[in-house]
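A.B. asks: sharing a model that was predicted from the sequence below.
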Amino acid sequence: MRVAFIAAALAAACGGVCAQAAPTATDVHYRIVDRIPGRDGAWDFASIDPAGNALYIARGDAIERVDLATHKVVDSLAPARRAHSVLALDSGEMVFETDGETGLARFVSVKNGAVLAEVATGAKPDAAFVDPATGLIAVMNAGDGTVALIDPRTRTLAGKITVGGSLEFGVTDGEGGAFVNIEDANAIARIDLKSKRRTGTIALPGCDGPTGLALVANGARLISACANHVALVIDAKSGKTLATLAIGADPDAVLVDETRGLAFIPCGGSGTLVALSIVDPHHIAVAGIIPTQRGAKTGALDPRDGRIYLPAATLEPVAKGSKRGQPVSGSFTVLVLAPAKKGDKALQYLNQADFVPTRTLPAPPPKGSAAEALELARIHALINGADAARIAQAKADSDREDPSIFDTAARRDLRALPNTWALLTLVQSETDLAIGSSKDFFNRTRPWGVDTTIHNCENEPGAKPMRGYPSGHSGLGYSVGWTLAQLLPDRAPAILDRARDYAVSREICGAHFASDTEASHVVGTLAAWKLANDPRLSGLYEAAREELATSANR
């Protein structure tokens, strides 16, 4: 009956000096609350202009502007040739853009897109920042290893600093000094913007290919994101590496939210946003892994509300010899992430149209029907046949509603595997939301509401015996269980058996009928399958598979 029921319903529907252990749980909660579509094409850094309430994105052939109030997109404020950075100036009246292909920096009017001035910077100008102490704009020239200094008042070149190497991101210390990542030297250069010279070097042990860089903790700590899946925390004064943190693949930025005590590293290869707690400068650590999308490797953070904007596109599978897959036509979007709020009910990846209750599930047996009576008899038999240990297990299963229910079956502490935990909790969340629409539509009375002789082990004060079809707990078991079984095929029998046993606990608890848990099997399997085949999440699945393969069995 189980197989036939499911088939019919589906057919209808780090290594540094001071290595730090990976986090054991996700302690920060952000979710995708919107997606802003845009035209196809390459992209690089993004920035927020609070004065103009706008997001700017450096696109391959243009400067893109997004009105944050209306989400209206100006695809091409001004043309560009491999734009890398866009900075807002003059209270949002003007923007500054680095043009990697031409070796120019441009000052552009926001009002009409007119180019106000062009300045030759050097070879392949990339990242840029404004230094408040000198008032100069510093531009990292990746092609010739120099930092160009531009005076925005005169819109002219004010000097150059020879650093050497392939320069990546740079940050000001606010006092006329700055730090610049040197990608091919695995080091950070100290520079003095006032005297226009390089003043020192900070070695980055265990870091291969530093890209994103940030200065946090009132200038006391540097965070450098590296291509070999780690980020280094460095004492800015001494240059000593204090910690090496595990992050994802292909990072290209470090976004800082001092107000909320967090920093974020977008990792495009794994499709994750790694959140770091920066409240205590002596204990900067990974606070959580947030699923985003493969290809989301740069972004901007709005300090006013903590929202994070990540440009991305759905990527095709990586071709042999390539670093990244090609973007799918029509898929460019800006992911908008915000701190999660209680009661958030919007799906992040699944499509609600795929889970219309009347197309996904048959109606449950009517109240008072012979079919319901058979299910009630089954519940009584299960309860009467269960010993004290099984009753206790059912109660424990009721209280434990997260992926750790599979720790024993998987022979791993799943919470200690950050990418795996992020994936499994995402699968649980998406499945729970998909199930919720059917719960609301059918609004089935639970067994203990139909038969008052059935003891409800949840025994929640004021609980109403409604919304029983499908079962949320069982949805977790079947969706997360199916996902884990694909990731750990050698443990699949034990994992799938645990999913079934977890569902039976709902009957022993008197919380659900057998048809409730069978409906969850349908929705849970469908949700898990769709998520596993979503190319946006392919990087996270790969990261989880690698974690599970290298983790020690319990």
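C.D. replies: Ah, there it is.
A.B. asks: C-alpha only now, for contacts and for neighbours.
C.D. replies: OK.
A.B. asks: tell me which residues form a beta bridge with residue 66?
C.D. replies: Here residue 66 sits in beta bridges with residue 55, residue 73, as judged by DSSP bridges.
A.B. asks: pLDDT score assigned to it?
C.D. replies: What the model reports as pLDDT for residue 66 is 98.
A.B. asks: list the buried residues for the helix ranked longest in the chain?
C.D. replies: Longest helix in the chain, counting residues (DSSP state H): helix 418-442. Neighbour-count burial for helix 418-442, counted by 16 or more other CA atoms under 10 Å, picks out 418-439, 442.
A.B. asks: let me see the mean pLDDT of it.
C.D. replies: Average pLDDT, helix 418-442: 97.
A.B. asks: and if you look at stretch 47-61?
C.D. replies: 97.
A.B. asks: check contacts around residue 263.
C.D. replies: The neighbours of residue 263, taking CA atoms under 8 Å, 6 or more residues apart in numbering as the test, are 254-257, 275-278.
A.B. asks: apart from its chain neighbours, what residue comes closest to it?
C.D. replies: With CA to CA, 6 or more residues apart in numbering as the criterion, residue 263 has its nearest non-adjacent residue at 4.3 Å, and that residue is residue 256.
A.B. asks: which helices and strands does the helix or strand hosting the one you found pack with?
C.D. replies: Element membership for residue 256 (DSSP states H and E) is strand 255-257. The elements that strand 255-257 packs onto, with contact taken as 3 or more CA pairs under 8 Å, 6 or more residues apart in numbering; DSSP states H and E, are strand 210-216, strand 262-267, strand 300-301.
A.B. asks: related to what we said a few turns ago, and the longest helix of the chain, how far out from the chain middle?
C.D. replies: On the basis of CA atoms, centre = their mean, to the nearest Å, helix 418-442 sits 16 Å off its chain's mean C-alpha point.
A.B. asks: quick one: contacts for the closest residue to residue 277 other than its chain neighbours?
C.D. replies: With sequence-adjacent residues excluded and distances taken as CA to CA, 6+ apart, residue 277 is closest to residue 262, at 4.8 Å. Residue 262 makes contacts with 256, 275-279, as judged by CA under 8 Å, 6+ apart.
A.B. asks: and the gap between residue 262 and residue 30?
C.D. replies: According to CA to CA, to the nearest Å, residue 262 stands 12 Å off from residue 30.
A.B. asks: hang on, the earlier thing: I'd say the residue nearest to residue 263 and residue 301 touch.
C.D. replies: Yes - the criterion here is CA atoms under 8 Å, and residue 256 meets it with residue 301 at 7.2 Å.
A.B. asks: which intervals of this structure have sub-threshold pLDDT?
C.D. replies: Residue ranges of the chain with pLDDT under 70: 1-26, 459-462, 552-554.
A.B. asks: mind doing that once more with 50?
C.D. replies: By pLDDT under 50, the low-scoring segments of the chain are 1-25.
A.B. asks: what ranges do the helices span in it?
C.D. replies: Secondary structure of the chain, counting by DSSP H: helices at 2-12, 357-360, 370-385, 388-399, 407-410, 418-442, 447-450, 472-487, 492-508, 514-532, 538-550.
A.B. asks: quick one, which of those helices is nearest to residue 222?
C.D. replies: For residue 222, the closest of the helices of the chain is helix 418-442, at 23.1 Å, according to CA to CA.
A.B. asks: which stretches in the stretch 201-350 of the chain count as strands?
C.D. replies: Under the criterion DSSP state E, counting those that start in this stretch, the stretch 201-350 of the chain contains strands at 210-216, 221-226, 230-235, 241-246, 255-257, 262-267, 272-277, 285-291, 300-301, 308-312, 333-339.
A.B. asks: would CSV of the ones you listed with distance to residue 98 be doable?
C.D. replies: Listed next are the strands of the stretch 201-350 of the chain as CSV, based on distance: least, CA to CA, whole Å:
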stretch, distance to residue 98
strand 210-216, 17
strand 221-226, 22
strand 230-235, 26
strand 241-246, 31
strand 255-257, 20
strand 262-267, 22
strand 272-277, 26
strand 285-291, 30
strand 300-301, 17
strand 308-312, 18
strand 333-339, 21
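A.B. asks: which of those sits closest to residue 483?
C.D. replies: Closest to residue 483 of the strands of the stretch 201-350 of the chain is strand 285-291 (CA to CA; 15.7 Å).
A.B. asks: among the helices and strands packed on strand 255-257, show me which one is buried the most.
C.D. replies: Among the helices and strands packed on strand 255-257, strand 262-267 has the highest mean neighbour count (mean count of other CA atoms under 10 Å), at a mean of 28.
A.B. asks: relative orientation of that one and strand 272-277 in degrees?
C.D. replies: On the basis of axes from the mean of the first three to the mean of the last three CA atoms, to 10 degrees, strand 262-267 is oriented at 160 degrees to strand 272-277.
A.B. asks: which non-adjacent residue is nearest residue 117?
C.D. replies: residue 107 (5.2 Å).
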